[in-house]
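1. my questions concern the predicted model and sequence given below.
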Amino acid sequence: MTTTTVKSLVNQPYKYGFVTDIESEAIPAGLSEDVVRLISAKKEEPEFMLEFRLKAYRQWLKMTEPNWAEVGYPAIDYQNIVYYSAPKKKEKLGSLDEVDPTLLETFEKLGISLSEQKRLSNVAVDAIFDSVSVATTFKDKLAEQGVIFCSISEALQKHPDLVQKYLGSVVPAGDNFFAALNAAVFSDGSFVYIPKNTKCPMELSTYFRINNGDSGQFERTLIVAEEGSSVSYLEGCTAPMFDTNQLHAAVVELVALDNADIKYSTVQNWYAGDENGKGGIYNFVTKRGLCQGVNSKISWTQVETGSAITWKYPSCVLVGDRSVGEFYSVALTNHRQQADTGTKMIHIGKNTRSTIISKGISAGRSENSYRGLVKMGPKAAGARNYSQCDSMLIGDNAGANTFPYIQVQNHTAKVEHEASTSKIGEDQLFYFSQRGISSEDAISMMISGFCKDVFNQLPMEFAVEADRLLSLKLEGSVG
Amino acid sequence: MPLWDHGLESTFSKVLAGHPAYEVTGGEVLYRGENLFDMEPEVRSRAGIFLAFQYPLEIPGVSNVDFLRVAYNSKRKHEGLEELDAFDFDDLVQQKLEVVKMKPEFLSRSVNEGFSGGEKKRNEILQMAMLEPKLAILDETDSGLDIDALRIVAGGVNELSQPDNATLLITHYQRLLDYIVPDFVHVMEGGRILTTGG
């Protein structure tokens, strides 16, 4: 009985698995210098951008795929991926009225309303479909405060200087295999610029949707917060269910100048593949924030529930004195999902501080690893880190690992690390059911409690959503 | 009605409550006219069967008060009653805390996490006081208790005992019986009741 309950609990159907039937324009599968040039040409990019891409591509050719993560998958054929796929459109988009209704409908179905009347009143959204941004809401309202929020393609046209100044400044073109690939072929993403002493008046959000079964998604997000500014940004992602695997290799760069504050939250729900591990997204992502200014702060919060494989380490480079890095993560894996995720906190400036709270939940036959680096550089006098890594196992067949790497080169720095492992088993569930509480409620109560420290960091609207999402994902998983 | 044996009474009580590790291969247990084995464990609980665990489980991250509220309200729902709102529930729970002489601070702590042996057992009786079962099975609730805790637990059991409910007490020791006077005593051995007396 319990086994089936746990199974049915974990085996909720993925409700975003539909495919939108829309005519798209794609560059045929395969990667070469010509493809890189073609992407750049299609987007009518400035010269420096093409240079950036080509440099990255040439470096990528010399690199090998990383194999140190606790994940396994068949070799990826990079010549078999479509690197550019865009819904066909008639003319350039000036307003939402010109957006293909099929696309609006798609996002509506995903719960993201782009139409004027139904928008979330305090969240501006950039909607990205396969390789391109289809719409950004509240652009004008934000512009009144000098905030730039648009697709990175548009930023390259309208604000090339800003993009040139910061693109690749945190994650260089040849940073790692997947980041280099992204730099060569990325087709869109979001760009955010918060001017001096400005508090961004609303939440900014990008919603990523992969639709094409053969295409990869390579988006690039760049957020720059000038002195004394602050912004809270959220990304969400879903994809249809395909039997094949799609590659998602994104790069996110954050730059915080003096006294600036960036909060970046992710609720990742890419299609995870079926129970037997067929299909699903390979989520190989490089996210890094640079606390360049004194007293600046970058906070990553992630709720990772989807993807067949997750390879992701949102990091902070703490250069400015007294700057602060935070990483709050919930990673949930089920069935055959594999996640190797964590963070890097690189302390360079004096009295820098970082906090890492990581919660891994593994169910089914999944593998869930935390991998994190805390590095105290020679000049990081008085720097402090606190890390807490908790794993929760559901059932008897899931795995959890913790790989903390600690490097301290300054004797006044202080590093603390705590870890725990707990298990939701038959006996706990029986305890709940003996008190009249159903297994569904029991699991959801235990998971909410386990994840509380992280959910508290999410913007209100999304905390509730994340809580619900986890419960859904785990329905039927304990046995 | 105390019951003496070694291990089998625990099995027996878990089977009654529907622990998934035990498979019932035959027979039936009639409870208020219905076969218990046809009911899911949570339904048995809502129908009034309560098992005080010999080793109450720790549930990190779930506060005692949330646990009690969800449990209590699922029983109300089962009985076709409205769920109690947070305020009314709080009034009720404060009142029940008296029964086991527990401080309100206990409510905000995670269920049984870091509780002493005696606190865990008192917490079981608190849950019992909230759920007001028709049939309470107390599996070695006296084991590992110091004399003060034993008195509190026994006092709670006595206070909750009513003409329309029954308590099945499983114990290996005389000392609990100094505080709780049973109506019947059954002696169990080898899975069978050898003697019954009053």
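-> Cool, the structure landed. Owing to the predicted nature of the structure, the values given are computational and were not obtained by experimental measurement.

2. contact partners for the residue in chain B that chain A sits nearest to?
-> Nearest residue of chain B to chain A (Cβ to the nearest Cβ) works out as B:Gly61 at 2.4 Å. Heads up, the C-betas are built off the backbone N, CA and C, glycines and all. B:Gly61 sits next to A:446, A:448-450, A:452, B:110 when contact means Cβ atoms under 8 Å, 6 or more residues apart in numbering or on different chains.

3. so it sits in a strand?
-> Yes - per DSSP: H, G, I helix; E, B strand; the rest coil, B:Gly61 lies within a strand segment.

4. looking at this, A:Leu470 is in a helix?
-> Yes - according to three-state DSSP, A:Leu470 belongs to a helix.

5. which element is B:Asp90 on?
-> According to DSSP states H and E, B:Asp90 maps onto helix B:86-100.

6. same for that helix, what does it pack against?
-> Using 3 or more Cβ pairs under 8 Å, 6 or more residues apart in numbering or on different chains; DSSP states H and E, the elements in contact with helix B:86-100 are helix B:64-78, helix B:105-108, helix B:117-131, helix B:147-160.

7. of those, flag the one that's most buried.
-> Each of the helices and strands packed on helix B:86-100 was scored by mean neighbour count; the highest is helix B:117-131, a mean of 22, by mean count of other Cβ atoms under 10 Å in any protein chain shown.

8. partner strands of the following helix or strand past that helix and their direction?
-> As assigned by DSSP H and E, the chain's next helix or strand after helix B:117-131 is strand B:135-139. Counting by DSSP bridges, the strands paired with strand B:135-139 are strand B:49-52 (parallel), strand B:166-170 (parallel).

9. how far off centre is strand B:135-139?
-> 5 Å (Cα atoms, centre = their mean, to the nearest Å).

10. do stretch A:330-345 as well
-> Remark: stretch A:330-345 is offset 12 Å from the chain centroid, using Cα atoms, centre = their mean.

11. that one: end-to-end distance?
-> End-to-end distance for stretch A:330-345, by Cα to Cα, to the nearest Å: 18 Å.

12. repeat for stretch B:169-186
-> End-to-end distance for stretch B:169-186: 10 Å, by Cα to Cα.

13. quick one: average confidence on that stretch?
-> Averaged across stretch B:169-186, pLDDT comes to 87.

14. and it, how far from the chain's centre?
-> With Cα atoms, centre = their mean, you get 15 Å for stretch B:169-186.

15. how far away is A:Leu470 from A:Glu426?
-> A:Leu470 sits 20 Å away from A:Glu426, going by Cβ to Cβ, to the nearest Å.

16. neighbour count: the two, which is higher?
-> Of the pair A:Leu470 and A:Glu426, A:Leu470 is the one with more neighbours under other Cβ atoms under 10 Å in any protein chain shown, namely 21 against 17.

17. quick check: phi and psi on the residue lying closest to that one once chain neighbours are set aside?
-> Spatially, and ignoring its direct neighbours in sequence, A:Leu470 is nearest to A:Ile447 (5.3 Å; Cβ to Cβ, 6 or more residues apart in numbering or on different chains). When quoted as degrees, to the nearest 10, the phi and psi of A:Ile447 stand at phi -70, psi -40.

18. what is the neighbour count of A:Ile447?
-> Counted with other Cβ under 10 Å, residues neighbouring A:Ile447 total 26.

19. swap in B:Arg175?
-> Quick note: B:Arg175 (other Cβ under 10 Å) scores 12 neighbours.

20. then A:Glu51?
-> 13.

21. quick one: list the elements packing against the stretch of helix or strand it belongs to.
-> Here A:Glu51 sits within helix A:47-62, counting by DSSP H and E. Other elements packing on helix A:47-62 under the criterion 3+ Cβ pairs under 8 Å, 6+ apart are helix A:33-42, helix A:160-166, helix A:177-185.

22. who does whichever residue of the stretch 201-350 of chain A sits closest to chain B bridge with?
-> Per Cβ to the nearest Cβ, A:Val330 is where the stretch 201-350 of chain A lies closest to chain B, at 12.5 Å. For A:Val330, the beta-bridge partners are A:Val303, A:Lys359 (DSSP bridges).

23. also A:Leu234?
-> Counting by DSSP bridges, A:Leu234 is bridged to A:Ser205, A:Ser265.

24. which residues of chain B score low on pLDDT?
-> Per-residue confidence of chain B (counting by pLDDT under 70) places the weak regions at B:1-7.

25. kindly report the residues of chain A close to chain B.
-> Counting by Cβ under 8 Å from any Cβ of the partner chain, chain A comes close to chain B at A:1-2, A:422, A:426-439, A:441, A:445-446, A:448-450, A:452.

26. filter those to the buried ones?
-> Among these, the ones that count as buried by 16 or more other Cβ atoms under 10 Å in any protein chain shown are A:2, A:422, A:426, A:428-439, A:441, A:445-446, A:448-450.

27. who's in contact with the residue most central in space within chain B?
-> Taking Cα atoms, centre = their mean, the centroid of chain B lies closest to B:Ala52, which sits 3.0 Å from it. Contacts for B:Ala52 (Cβ under 8 Å, 6+ apart) come out as B:121, B:124-125, B:127-128, B:136-139, B:141.

28. let's see it at 10 Å
-> Residues in contact with B:Ala52 (Cβ atoms under 10 Å, 6 or more residues apart in numbering or on different chains) are A:434, B:13, B:121, B:123-125, B:127-128, B:133, B:136-141, B:153, B:157, B:167-170.

29. ok, now A:Ser358?
-> A:302, A:327-331, A:341-343, A:370-372, A:387-391, A:402, A:404, A:419, A:453-454 are the contacts of A:Ser358 under Cβ under 10 Å, 6+ apart.

30. all helices of chain A, in order?
-> When secondary structure is read from DSSP state H, chain A shows helices at A:2-10, A:33-42, A:47-62, A:101-109, A:139-143, A:152-158, A:160-166, A:177-185, A:426-434, A:439-455, A:460-474.
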